[in-house]
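Asker: Build the 3D model from these lines:
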Amino acid sequence: MQYKQRIFIDNLAKIIFKITGFSVLFLLGGIFFMLMYNAASFFLEISPLDFITGSEWNPTGKTPAYGLLPLIMSTTIVSVGAMLIAIPLGIGTAAFISEYASPKLKTVLKPTIEMLAAVPSVVIGFLGIVLVGPQIAEMNNLPNGLNALNGAILLAIMALPTIITISEDAIHSVPQTYREASYGLGASRWQTLRKVTIPAAAPGIIAAIMLGLGRAIGETMTVLMATGNASVFPKGFFDSVKTITATIAIEMGEVPYQTTHYYALFAIAIVLFFMTLAANLVGEYFINKFRKYHAA
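Answerer: Down below sits the predicted model:
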């Protein structure tokens, strides 16, 4: 009787897990279909090529312009700037926690860093307005600090917990025999970390970077508050920019329903969908490669 009961519970659990798995795929497909369905009306009026390569975004002007290129460049500048800050800080911190920190310090430091991910994005954006932005403006003689650099610094802070946590797990998972072999050949701890441990953990570190990039691309409230929201083609990190996420958040609440402008927001949402999807797929690829590497 107990055997049949266990078989029934196992089969029931299998069915429930299968349903939940397909439900996630169904929801993802539903979101994508909804975006495509609404964006189709926009592309009937505006050429996809003009939309992607257009250099002006001004849907409410006398002559409406729906050029996505300034928004893509703004999103790219802020996200790449965030990664330039977060990658060395994240990998360095992960290496310190895994290889140099004492067990007592590690038990305090790692949970503290992970708790940073729980800070609401609106709080990070507020700090950008009252703390980071004024410092940038003062140091560079700017009228205000609401620019791409401000957004990049804040997004780097938000991406750090992801990069540090996954990178530390990857470095810690490198077999101890690799280190011992390096020490046996006379290498120092720093040489072992730089030439043996980090290269061996590279798939996991790359996965951490890509997932952090996905977080930076998809962030809304922080960049909405801290980057100035100027719909112009950016020339550098000290220019005010308007990212794709901020554009959707600002304009969706005010745009007239079922207008060209309304459908244009779904079109840029599709571009954002593919940008974040690509970053997460690349990260997932390296995570799976990392797992297979250590399973072997």
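
Asker: what packs against the longest helix along the chain?
Answerer: If you go by DSSP state H, the chain has its longest helix at helix 2-43. With contacts defined as 3 or more C-beta pairs under 8 Å, 6 or more residues apart in numbering; DSSP states H and E, the packing partners of helix 2-43 are helix 260-295. All C-beta atoms are positioned from the backbone trio N, CA, C, and that covers glycine.

Asker: Flag every buried residue along the helix it packs on.
Answerer: By neighbour count with 16 or more other C-beta atoms under 10 Å, helix 260-295 contains the buried residues 260-273, 275-276, 279-280, 282-283, 286-287, 290, 293.

Asker: sorry, back to before: now do the longest helix of the chain and helix 260-295, the angle between them.
Answerer: Angle of helix 2-43 versus helix 260-295, following axes from the mean of the first three to the mean of the last three C-alpha atoms, to 10 degrees, is 140 degrees.

Asker: Quick check: G151 touching V241?
Answerer: Yes. Assessed by C-beta atoms under 8 Å, G151 is found in contact with V241 at 7.1 Å.

Asker: if you count what's nearby, which of the two comes out ahead?
Answerer: G151 (35 against 31; other C-beta atoms under 10 Å).

Asker: tell me which element the more buried one is part of?
Answerer: Secondary structure assignment for G151, by DSSP states H and E: helix 148-172.

Asker: Equivalent analysis for K62, please.
Answerer: K62 belongs to no helix or strand when elements are defined using DSSP H and E.

Asker: can you list the domains in this protein?
Answerer: 2-44, 69-295 (automatic domain parsing).

Asker: and those, which is most packed in?
Answerer: domain 69-295 (a mean of 19; mean count of other C-beta atoms under 10 Å).

Asker: any idea of the mean pLDDT in that domain?
Answerer: In this model, domain 69-295 has an average pLDDT of 87.

Asker: G125 contacts T222, correct?
Answerer: Yes. Applying C-beta under 8 Å, one finds G125 in contact with T222, separated by 4.3 Å.
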